[in-house]
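Participant: predicted model follows, preceded by the sequence.
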Amino acid sequence: MNDMRIVKRDVDMNDIKISAKDVQVYYGDTHAIKDVNVEIKDKTVTAFIGPSGCGKSTFLRCLNRMNDTIDICRVTGKIEIEGEDIYDKRVDPVQLRAKVGMVFQKPNPFPKSIYDNIAYGPRIHGLARSKADLDDIVEKSLRRGAIWNEVKDRLHAPGTGLSGGQQQRLCIARAIATEPEVLLMDEPCSALDPIATAQVEELIDELRENFSVVIVTHSMQQAARVSQKTAFFHLGNLVEYGETGQIFTNPQDPRTESYITGRIG
Amino acid sequence: MNNDKHIASAFDRDLEAIQALIMKMGGMVEANITAAAQALEDRDVETAAKVRAADKAIDILEEQINEEAARVIALRSPAASDLRTVLTVMKIAGNLERCGDYAKNLAKRTGVLAELTPIDGAGASIRRMARAVEEMLKMALDAYIQRDAELAEQVRQRDLDVDQMYNALFREFLTYMMEDPRNISACMHLHFIAKNIERMGDHATSIAEQVIYLVTGEMPEDARPKGDLTSHTDLGLEAP
């Protein structure tokens, strides 16, 4: 049954980009993530699905140490990106986050011009040697963010003046301006209309050529549309992780089945 | 398989509704097969005409099932076992529709056969074969509604019996035709009937395989037992 697909959904590369081993996360006394082991592939879109409070966003935030900012949060276990332990004392979280970009639920452009929104990251990380260099980075990032044509004539207008869908693509362009290796997206389309959602999904598919994309989404249809691999989280456990087509036609765990068919929330 | 209710109860009602349609269609096809075989044995042209008329309702039901299934796909985006339920409903409706057509064809030939000299015992043999197939259909549909892959597997095995009955009839008709060329017309019609009933058995088997797919998520991998040997049969006799 599995070798006759209409759209080939094979993962192009088998390189493992992120490897998590025995990851536990505690918020105070609450055990939010229990024993998660997962290997996320390079140049692949991986979707995290699961009901609210299942730990999918918490786990996503572990991947660029966003949880460091929460005092009562404690992460144990090992998370490696390209074999490097990201929780090692020598790792600078700011450098890490340049390598692991993040896009949030609500578009959050800086209250600056479109140009400066993109230029901010490359400037603080010293990625541009000259103004011309920076111009190049801005144009390339906006093109990759599939928004260049819409903003090229008003690069110095404020980013906050764009529509919601444009703002979100601007934020994606901003996230990729620092040439990250991994792009984390936490419900990037939940504040967008269906057209803007389709544009962002198309963009995600294009980004897969260069990045490893991990997306948290509440829309199972979105997970089915954009991802090659899907991970289902429930009550802090990673219940099932597999090829997206398999998860949505023939899930192996009854909890996955119940969730994707709309029987448990 | 998952027997819990959906959070959206209307989804459950939609799925139950199309499954009720399939069961109704199955019941109509079973009744038509039985009636057609009985009419053949009794040379009852009137009942045969009723069978032919009843096939229209079966065709309409198939269309209705396909429309409902398309609606559920469009409106509910079913996944996993829900998706397999909808997919199998459409395939089973197709299988049942074909069985209905074969029963109708049997009824059509009954008109011609009623005019011809009867062939000894042929009517009873055909009726026995039709009953075996009707039982297979019933079992396959029971297996569907109970989500019972084991029962479905039994249906697959039973197809062998039907194939063997067909082999026997095939040889019998050949013998009759060689004995007396005046039997040829009736035997040709009877042979088509037997072949059509054998094909109904294949459709019942295909329904059973859909049940296995529905329950396990995978089509049965082992080749099903095949017993139709007539493609290689030659009585080895020369016409006088």
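Facilitator: Nice, I can see it. Numbering: from 1, shown residues only, chains lettered A, B, ... in the order given.
Participant: for the rest of this, base every contact and every neighbour count on C-alpha atoms.
Facilitator: Will do.
Participant: can you point out the buried residues in the lengthiest helix in chain B?
Facilitator: The longest helix of chain B (DSSP state H) is helix B:80-115. Across helix B:80-115, burial judged by 16 or more other C-alpha atoms under 10 Å in any protein chain shown covers B:80-90, B:92-111, B:113-114.
Participant: residue B:42 and residue B:118: what is the separation?
Facilitator: Taking C-alpha to C-alpha, to the nearest Å as the measure, residue B:42 falls 11 Å from residue B:118.
Participant: repeat that for residue A:86.
Facilitator: Taking C-alpha to C-alpha, one finds residue A:86 at 88 Å from residue B:118.
Participant: now swap in residue B:204 and tell me
Facilitator: Distance, residue B:204 to residue B:118, using C-alpha to C-alpha: 30 Å.
Participant: more neighbours, the two?
Facilitator: For residue B:204 versus residue B:118, the count of surrounding residues by other C-alpha atoms under 10 Å in any protein chain shown is larger for residue B:204: 30 against 15.
Participant: one step back: same for chain A: which of the buried residues of helix B:80-115 are within range?
Facilitator: The subset of the buried residues of helix B:80-115 within reach of chain A, by C-alpha under 8 Å from any C-alpha of the partner chain, is B:80, B:81, B:82, B:83, B:84.
Participant: quick check: the first one touching residue A:257?
Facilitator: This points to residue B:80. Yes. Using C-alpha atoms under 8 Å, residue B:80 is in contact with residue A:257, at 6.5 Å.
Participant: any shared contact partners between the two?
Facilitator: Common contacts of residue B:80 and residue A:257 (C-alpha atoms under 8 Å, 6 or more residues apart in numbering or on different chains): A:250, A:251.
Participant: helices along the chain, start to end?
Facilitator: Picked chain A for this. Under the criterion DSSP H, helices of chain A are mapped to A:56-62, A:93-99, A:114-124, A:131-144, A:148-151, A:164-176, A:194-207, A:220-226, A:244-249, A:254-260.
Participant: wait, I meant chain B there
Facilitator: Along chain B, counting by DSSP H, helices occupy B:9-42, B:45-76, B:80-115, B:122-146, B:149-179, B:184-216.
Participant: export the ones you listed to TSV and tack on mean pLDDT?
Facilitator: Below are the helices of chain B laid out as TSV (pLDDT from 0 to 100):
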stretch	mean pLDDT
helix B:9-42	94
helix B:45-76	95
helix B:80-115	95
helix B:122-146	95
helix B:149-179	94
helix B:184-216	96
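Participant: so how many other residues sit close to the residue lying closest to residue A:28 once chain neighbours are set aside?
Facilitator: Leaving out its chain neighbours, the residue that sits closest to residue A:28 by C-alpha to C-alpha, 6 or more residues apart in numbering or on different chains is residue A:72, at 5.2 Å. Using other C-alpha under 10 Å, residue A:72 is surrounded by 12 other residues.
Participant: and what of residue B:8?
Facilitator: Using other C-alpha under 10 Å, residue B:8 is surrounded by 11 other residues.
Participant: what sits against it?
Facilitator: By C-alpha under 8 Å, 6+ apart, the neighbours of residue B:8 are residue A:262.
Participant: now do the contacts for residue A:128.
Facilitator: A:122, A:134, A:137.
Participant: where does the residue nearest to the last one when sequence neighbours are not counted fall, phi/psi-wise?
Facilitator: Right, the one you point to is residue A:137. Distances taken as C-alpha to C-alpha, 6+ apart place residue A:177 nearest to residue A:137, at 6.6 Å, with adjacent residues excluded. Note on residue A:177: its backbone torsions stand at phi -70, psi -30 [degrees, to the nearest 10].
Participant: surely residue A:177 meets residue A:121?
Facilitator: Yes. Using C-alpha under 8 Å, residue A:177 makes contact with residue A:121 at a distance of 6.9 Å.
Participant: neighbour count: the two, which is higher?
Facilitator: residue A:177 (27 against 18).
Participant: any idea how far that one lies from residue A:141?
Facilitator: As judged by C-alpha to C-alpha, residue A:177 and residue A:141 stand 5 Å apart.
Participant: between these two, what contacts are shared?
Facilitator: With C-alpha under 8 Å, 6+ apart as the test, residue A:177 and residue A:141 both reach residue A:118.
Participant: low-confidence ranges in the stretch 1-150 of chain A?
Facilitator: Scanning the stretch 1-150 of chain A for pLDDT under 70 picks out the ranges A:1-14.
Participant: now the strands for it?
Facilitator: A:16-27, A:30-41, A:45-49, A:73-81, A:84-85, A:100-103 (DSSP state E, counting those that start in this stretch).
Participant: how many other residues sit next to residue B:156?
Facilitator: As a burial measure, residue B:156 scores 23 neighbours (other C-alpha under 10 Å).
Participant: list the contacts of it.
Facilitator: Going by C-alpha under 8 Å, 6+ apart, residue B:156 touches B:205, B:208, B:209, B:224, B:225.
Participant: tell me which residues of stretch B:60-73 come out buried.
Facilitator: Judged by neighbour count using 16+ other C-alpha under 10 Å, the buried positions of stretch B:60-73 are B:61, B:62, B:64, B:65, B:66, B:68, B:69, B:72, B:73.
Participant: can you list the helices of chain B in JSON lines and add distance to residue A:46?
Facilitator: Listed next are these as JSON lines, based on distance: least, C-alpha to C-alpha, whole Å:
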{"stretch": "helix B:9-42", "distance to residue A:46": "29"}
{"stretch": "helix B:45-76", "distance to residue A:46": "24"}
{"stretch": "helix B:80-115", "distance to residue A:46": "19"}
{"stretch": "helix B:122-146", "distance to residue A:46": "35"}
{"stretch": "helix B:149-179", "distance to residue A:46": "34"}
{"stretch": "helix B:184-216", "distance to residue A:46": "26"}
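Participant: what's the closest of those to residue A:200?
Facilitator: helix B:45-76 (23.0 Å; C-alpha to C-alpha).
Participant: the closest one and chain A, are they touching?
Facilitator: No. Counting by C-alpha under 8 Å from any C-alpha, chain A has no neighbours in helix B:45-76; the shortest distance is 9.7 Å.
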